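> Sequence plus predicted model, see below.
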Amino acid sequence: MIEIKNISRKLGNFGLENVSFNIEKGSVVAFVGDNGAGKTTTIKALFGELKLDSGEILIDGEDLFKNNNLSKVAFFPDSNNVPLDIKVHEYLHYICAANNMNKERTELSIDNVYRLLELRPYKDKRIKELSSGWKKKAIMASVLVRSPEYIIFDEPTANVDVESKLYFMDIFKLLSKVGITILITSHIIEELQELANYLVLIKKGQIVYSNNFDKSKEHIMDVYKRHMNEPIKDLHILRDLYSKKDKK
């Protein structure tokens, strides 16, 4: 389990304020918030990329930086945050080497992700030469090749075609079935609705909702509206615009 306990960090006029929630083993957590709400900042803290003013993050009951705990966690980044000039097979070998995987495990793991993601025909392509969907698959391969226990996905299906999106949904479900713990940030509520069994809402650097989620009984959009949605205050302006048009 990952425990995020009362973490705070002031960043100019914005920051995280006593953010707390747990990522239980085997769960699929939907981490939802508007742009600038604090999702990315929280993820940076989770990977030790941000010095906290207060609070702590524990992995399986231990400090984030003890006993190589960070090696249990992998991050699926935006496609602009990977080395685009490198070939797919070079990137995967680099990831394996960075994680101290021996030659036998490296070759077996790379072969497995090639087969799983149907990437073998593209292994000699530079990542920048791939379509958006195949680029995302290459990134997925770099995540899965080291068999992490926890995976953080940041907008994993953004800008991909329908076929690739459906493929990724199947991968997420398969990962969940084999007990891999997942946290997903996404603005595509329909996908989160299908996948998540835990929901966290963040607004202006604060957690406003954190609870188990049963897709058969509720909808993420309804929970979002109750805790996050602010109605348009100046709706009368729109009425005035159209009423003036009718008077002409």
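On my side now, so go ahead.

> where does the most centrally placed residue in the chain land in three-state SS?
Most central in the chain under CA atoms, centre = their mean is residue 153, positioned 2.3 Å from the mean C-alpha point. Using DSSP: H, G, I helix; E, B strand; the rest coil, the structure places residue 153 in strand.

> Provide the backbone phi and psi angles at the nearest residue to residue 125 once chain neighbours are set aside.
Counting by CB to CB, 6 or more residues apart in numbering, residue 125 lies nearest to residue 88, which is 5.9 Å off, once chain neighbours are set aside. C-beta coordinates here come from the backbone N, C-alpha and C atoms, glycine included. Main-chain dihedrals, residue 88, degrees, to the nearest 10: phi -60, psi -50.

> Residue 88 contacts residue 141, doesn't it?
Yes. If you go by CB atoms under 8 Å, residue 88 and residue 141 touch, sitting 7.4 Å apart.

> and for these two, which residues touch both?
Common neighbours of residue 88 and residue 141, using CB atoms under 8 Å, 6 or more residues apart in numbering, are residue 119.

> gap between residue 26 and residue 149?
In this view, residue 26 and residue 149 are 10 Å apart by CB to CB, to the nearest Å.

> Mind listing the shared neighbours of those two?
The contact sets of residue 26 and residue 149 overlap at 180, 181 (CB under 8 Å, 6+ apart).

> re the thing from before, who's in contact with the residue nearest to the centre of the chain?
By CB under 8 Å, 6+ apart, the contact set of residue 153 is 76, 172, 182, 183, 184, 185, 186.
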